[in-house]
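[1] Predicted model, plus sequence, below.
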4 protein chains.
Amino acid sequence: MARFGILTSGGDCPGLNAVIRGTVLQGEMVHGQEFVGYRGGYRGLVYGDVMPLERSVVRGISQQGGTILGTSRFGPYTEPDGTPQNILARMAGLDVDGVIAIGGDGTMAAANRLLEDGVPIVGVPKTIDNDLEATDYTFGFNTAVEIATEAVDRLRTTGNSHQRCMVLEVMGRHAGWIAMYAGIAGGAHAILIPEQPESLEQICTWVASVRDRGRAPMVVVAEGFTFPDMDQAHSHKGLDGFNRPRLGGIGEILAPLIEERTGVETRATVLGHIQRGGVPSAWDRVLGSRFGQAVSDLVADGDWGKMVALRGRDIVRVPFSDAVGHTKTVPLDQYRGARATFG
Amino acid sequence: MARFGILTSGGDCPGLNAVIRGTVLQGEMVHGQEFVGYRGGYRGLVYGDVMPLERSVVRGISQQGGTILGTSRFGPYTEPDGTPQNILARMAGLDVDGVIAIGGDGTMAAANRLLEDGVPIVGVPKTIDNDLEATDYTFGFNTAVEIATEAVDRLRTTGNSHQRCMVLEVMGRHAGWIAMYAGIAGGAHAILIPEQPESLEQICTWVASVRDRGRAPMVVVAEGFTFPDMDQAHSHKGLDGFNRPRLGGIGEILAPLIEERTGVETRATVLGHIQRGGVPSAWDRVLGSRFGQAVSDLVADGDWGKMVALRGRDIVRVPFSDAVGHTKTVPLDQYRGARATFG
Amino acid sequence: MARFGILTSGGDCPGLNAVIRGTVLQGEMVHGQEFVGYRGGYRGLVYGDVMPLERSVVRGISQQGGTILGTSRFGPYTEPDGTPQNILARMAGLDVDGVIAIGGDGTMAAANRLLEDGVPIVGVPKTIDNDLEATDYTFGFNTAVEIATEAVDRLRTTGNSHQRCMVLEVMGRHAGWIAMYAGIAGGAHAILIPEQPESLEQICTWVASVRDRGRAPMVVVAEGFTFPDMDQAHSHKGLDGFNRPRLGGIGEILAPLIEERTGVETRATVLGHIQRGGVPSAWDRVLGSRFGQAVSDLVADGDWGKMVALRGRDIVRVPFSDAVGHTKTVPLDQYRGARATFG
Amino acid sequence: MARFGILTSGGDCPGLNAVIRGTVLQGEMVHGQEFVGYRGGYRGLVYGDVMPLERSVVRGISQQGGTILGTSRFGPYTEPDGTPQNILARMAGLDVDGVIAIGGDGTMAAANRLLEDGVPIVGVPKTIDNDLEATDYTFGFNTAVEIATEAVDRLRTTGNSHQRCMVLEVMGRHAGWIAMYAGIAGGAHAILIPEQPESLEQICTWVASVRDRGRAPMVVVAEGFTFPDMDQAHSHKGLDGFNRPRLGGIGEILAPLIEERTGVETRATVLGHIQRGGVPSAWDRVLGSRFGQAVSDLVADGDWGKMVALRGRDIVRVPFSDAVGHTKTVPLDQYRGARATFG
């Protein structure tokens, strides 16, 4: 009976457990496969640290956040034991015929190297930021957007009651998808994303325009957003005569600058880890389940070196080489379409 | 200045207000358009019953369920006043240059007739059932799935505590999308949809198999599901010697039959109207907003006779003639993929 | 080391697992107690069907609905084996020094009989209906009210969009607490509870008054509400010349009658089991945890025949004899206070 | 006809709008009263800045966060115009017979001074921190606890997946009620409140103990918590040789210290303003509505100088003099009861 090892690698993400469950159910019931779970990402692969993964183990886990396998940011080749020979020997010792790696761009790059080194491996894309070009959407993104939008809804009522500008910082280091979606859903007056620098003057113009209409400005900013002269703008000389180093995230940098330049009392909130944990949305559970079922089919076919992906309504297979290193940023025309209604 | 009338027609759906708001914001700020809202669907069009629709009116409405315009199932031609001449005269009297109709298949069919009769009109697709072939997804569907999934999650704990079979009836007269998505997300042991009849024996086999594994069976059934000999199976002779007519929905028909044949105590819950009201999910607000912005562009171009639609990540335009009358059912291979893990 | 058995009896209720966890944590860490869990309520007590209950078993269960012990409506004395002698022998065989029974009025009455028959037993009150006089609030009630209120919020938007009267039937067989709280929180135009019959004329007067102000009437009705001549009002002669028996709940009885008499299109929704399952509210988890900690103290003191209860902000101990058989109904002055603003 | 002015003062709080609505409905329908709303707290009182408050204005506002009247932290006597003579003259000019002030301890203290200066005024207590001795609970607290508990639930899954210690900072400057409730509900391993200093060593002992059991430590800390030598512990010399001043809140101070001393990777999340905005819980809407109805009765009786309050299940009246300046902190025995199960 074919036997496969599943690992989750990188930051946790709502929907991981749905992938694991979908793979195991489809594998056991349709293909007669067996599974083990590697603990702690690639570390488990290198050291042969596994847990049993049977149908009874994955019972009801789709609605749990995080990953029952644990995860780490550890790559397979970063320790002395992390050699292809050792990894293949460990796999053989555990009767594992192939590996299913669930993770982001770094995980897929590592999977591609393992493949080149002879490890039978396939992938399931995971990024809460939704910034993988090879798939229309990744699971976890939807949950993050729902949580961020609820935060916008909540902050708005405080802003309106106190006539304050509220700044919400959400995830998105290289791509502003969460900010875009939560900003549109929450009716933000400005959305700031890494893909498109905006000047502090422009931001303050939007804020002042909202204030002048008698409303409380709502700004959603992705953590990776920068503005020209940012380092200069927010530093200030301390009592000791030296500039203070940059502290806090972009939200905390922006808030006092907006307040200073517009006169509108401004408060920043950093959503942080709350965006990535907890009960996954139904959408993410469905996408995770579909990915899981599809990756069981993938290993049943021995179609190594591929990653499952969503295209339109369909699940497709994409070679690692096409999937790795392509960041999906927010298209500028889509941003400009939203931007036209800011302020 | 160009001036357009917006109407919402058919059953209410989370995301309608986001469409209205998106249209008005984009129209005012990008195209310099003006808008009025027709009250109560096509009835408002026929009788010239309008409300002002300015930026200040649509403030913050995206997060409200329902439609601020009101809706009805009234067609434009079902009353004596409902003639093209009268409608065009009313539009002229109100300085309305074109109509934006937000609705489902029936609404689009009526819009197509109005178009043929000389009324400048465009459409925005709406169906909570997600069963319009011309668009990948419709707004409202996502919210309904989230609500139905939460219900599955809740019922499951009661089922487990009492070792009962719980049957949840969700919307879906002709297509089982909500049942499919909520069933997968909630980990149902059987999902029953209109597209695919299953015999009572098969259903009871699934239920018994779950019970035999010591778990509480969870069945999600779309309101339009039927099974062979359904009318006969659930009728029973009353004290008066006559068969009782069919009462209640499919959930209430199934529950006693399952209980009788498997011996597993079974309870039905009909989710009903709760699925279609209330705060829309972020996803539906984004999709509604994008549809709204796109339909403002559509009337700016005078591209009458088109409906906006989602294809992959893009918003496209589809002629009414291609959009009307094509029901998008759950693909049978997708159903069979899920079905393989039932029980 | 003292060793106690815990059982949950009657309908499931959000917060049961918090009680179990609170008891075990407090017992193990503060009093050095041990615990077993009786499966399926009193049935487990009679047949000695137990599961281990250690700290590791109760990990993270507070946020789960239902009860990990399972429950039943089975009393201890309803089967041949259900004798005090047998029960005490089973307890001795399992080294169980006393029993903690979590349940409602019937469970407490049974506990009282067991006590009189020599079984060392204490109680934790449980009723989702909040109708036990001996305690200010019971866990589960808060969660039910939050769920019912969310349903009111959702139905309201549909009512407003379609100008319909929406009727929501919630739990409450003998007391209308859930209806009162959800009705007030959701701003219902009429709240109907078992404690206070209202005539169909009065109900329709409220509905018509709301309609006349241009709004959509919202009615919240407890399942135990009745109105004078109810049986006559909703029955109708069938084709066979006989009156049909009463079908469905009070919501489904009221809706067509309201529609017929006021001319306002009316829809009923029966919330049903959704109210009692799923993730408990924080409030119910806290109350459950406090009850659990307090009952561990209770058995540590050997204070048999008592039930823990909430009075103001404090947890107190109440003798079974004072707790059993006293239904806490909605005070009529509180109902009349709310009623003055109906319509 | 008697006419009263309502103002909301201090930080916003879920449930304020329910109070306003409850007052207006009860006042109009039961007592025949009229109302105006003062804009922006006491500022509106001083400058006679009012908005109409009729039944139609308060429609559906109970489910909105914030306050439709706006609020400020401005006291009545802090500006030149803020004299009793001017305030009474403004009231006379607007035909206002008395004032209803909704706010916290500072608001009530100001109300008491106004009373002594001849202004007919009554109060409704408001504090999200639940720290007013005169009332068992205040509205807003329940919503804050639910939001904070959801955050604990979410963070826990990330902690478990990454084997990290998660620290959540919640509101509570002088009293730790939110931390206590959310910590108990979420099953935190340590709860840190202002009322009870704990040493860094003790905190790290708890964290290490959880880690040693293979679990991810969860710490909930109130913003007002301090530990001995805190200022020293978290300061460090900068490149310039001076100690850095304290930056960030207690969560951000604790996280690196815990990580440094236990070796457990630790992350802090500051919940901040999200706790106080958005849709109020049903419980807070009910409490707000009851307070509103009761305060309408209060002014109907001309019972000036009183504040409404919750005692057990009842709404009572408390003189300002008894209500002001008494902080309700978490009872130490209740804290110690919870503390016994930490780690």
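    Yep, that arrived. Keep in mind that what you see is a predicted model, and the values were worked out from it rather than measured. Numbers count the residues shown, from 1 in each chain, chains lettered A, B, ... in the order given.

[2] Could you list the contact residues of chain A toward chain D?
    A:8, A:11-12, A:16, A:64-67, A:70-72, A:147, A:150-151, A:153-158, A:160-163, A:166, A:240, A:242, A:247-248, A:267, A:269-274, A:276-279 (C-beta under 8 Å from any C-beta of the partner chain). From N, CA and C alone the C-beta is placed, and that goes for glycine too.

[3] roughly how far apart are residue A:304 and residue A:28?
    21 Å (C-beta to C-beta, to the nearest Å).

[4] just residue A:140 next, same as before
    Per C-beta to C-beta, residue A:140 is found 25 Å from residue A:28.

[5] More neighbours: these two, which one.
    More crowded of residue A:140 and residue A:28, by other C-beta atoms under 10 Å in any protein chain shown: residue A:140, with 27 against 18.

[6] Just give me the neighbour total for the residue nearest to the more buried one when sequence neighbours are not counted.
    Nearest in space to residue A:140, with sequence neighbours left out and distances taken as C-beta to C-beta, 6 or more residues apart in numbering or on different chains, is residue A:13 at 3.5 Å. By other C-beta under 10 Å, 33 other residues sit near residue A:13.

[7] Is residue A:13 part of a helix or strand, or is it coil?
    coil (DSSP: H, G, I helix; E, B strand; the rest coil).

[8] wait, it sits on residue A:130?
    No - using C-beta atoms under 8 Å, residue A:13 is not in contact with residue A:130, being 10.6 Å away.

[9] what's the overlap in contacts for these two?
    When contacts are counted by C-beta atoms under 8 Å, 6 or more residues apart in numbering or on different chains, residue A:13 and residue A:130 are jointly contacted by residue A:138.

[10] quick one: contacts for the closest residue to chain C within the stretch 201-343 of chain A?
    With C-beta to the nearest C-beta as the measure, residue A:279 is the residue of the stretch 201-343 of chain A nearest to chain C, at 7.9 Å. When contacts are counted by C-beta under 8 Å, 6+ apart, residue A:279 touches A:14, A:63, A:64, A:65, A:143, C:279, D:153.

[11] tell me the SS of it?
    Assignment for residue A:279 (three-state DSSP): coil.

[12] Phi and psi next, for it.
    Torsion angles at residue A:279 (phi, psi; degrees, to the nearest 10) stand at phi -60, psi 120.

[13] in the stretch 201-343 of chain A, which spans are helices?
    Secondary structure of the stretch 201-343 of chain A, counting by DSSP state H, counting those that start in this stretch: helices at A:230-234, A:250-262, A:282-300, A:320-323, A:332-339.

[14] just checking, what packs against the second one?
    Helix A:250-262 is packed against strand A:165-170, helix A:200-212, strand A:218-222, helix A:230-234, strand A:266-270, with contacts defined by 3 or more C-beta pairs under 8 Å, 6 or more residues apart in numbering or on different chains; DSSP states H and E.

[15] same deal with the fourth one?
    Helix A:320-323 is packed against helix A:105-116, strand A:121-125, strand A:306-311, with contacts defined by 3+ C-beta pairs under 8 Å, 6+ apart.

[16] thinking again about what came up before, quick one: closest of the helices of the stretch 201-343 of chain A to residue D:35.
    helix A:250-262 (34.1 Å; C-beta to C-beta).

[17] residues in contact with the residue nearest to residue A:140?
    By C-beta under 8 Å, 6+ apart, the residues touching residue A:13 are A:126, A:127, A:128, A:138, A:139, A:140, A:276.

[18] Please identify which residue in the stretch 201-343 of chain A comes closest to chain D.
    Residue nearest to chain D within the stretch 201-343 of chain A (C-beta to the nearest C-beta): residue A:278, separated by 3.3 Å.

[19] Would you confirm that that residue contacts residue A:65?
    Yes - between residue A:278 and residue A:65 there is a contact at 4.4 Å, judged by C-beta under 8 Å.

[20] sorry, back to before: so which of the helices of the stretch 201-343 of chain A is the most surrounded?
    Stretch with highest mean neighbour count among these: helix A:282-300 (a mean of 26; mean count of other C-beta atoms under 10 Å in any protein chain shown).

[21] Give me the most central residue, chain A.
    Nearest to the mean C-alpha position of chain A, counting by C-alpha atoms, centre = their mean, stands residue A:128 at 1.7 Å.

[22] List the contacts of it.
    Per C-beta under 8 Å, 6+ apart, neighbours of residue A:128: A:11, A:13, A:14, A:138, A:140, A:141, A:144, A:171, A:178, A:275, A:276.

[23] quick one: which of these is nearest residue B:230?
    residue A:14 (38.6 Å).

[24] That closest one reaches residue A:139, doesn't it?
    Yes - between residue A:14 and residue A:139 there is a contact under C-beta under 8 Å: 6.9 Å.

[25] hey, what's in contact with both of those two?
    Shared contacts of residue A:14 and residue A:139 (C-beta under 8 Å, 6+ apart): A:280, A:284.

[26] Let's have the contacts of residue A:128 in CSV, adding pLDDT.
    Formatted as CSV, the contacts of residue A:128 follow (pLDDT from 0 to 100):
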residue, pLDDT
A:11, 94
A:13, 95
A:14, 97
A:138, 96
A:140, 97
A:141, 98
A:144, 98
A:171, 97
A:178, 98
A:275, 95
A:276, 93
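
[27] Just the closest of these to chain D, please.
    residue A:276 (5.9 Å).
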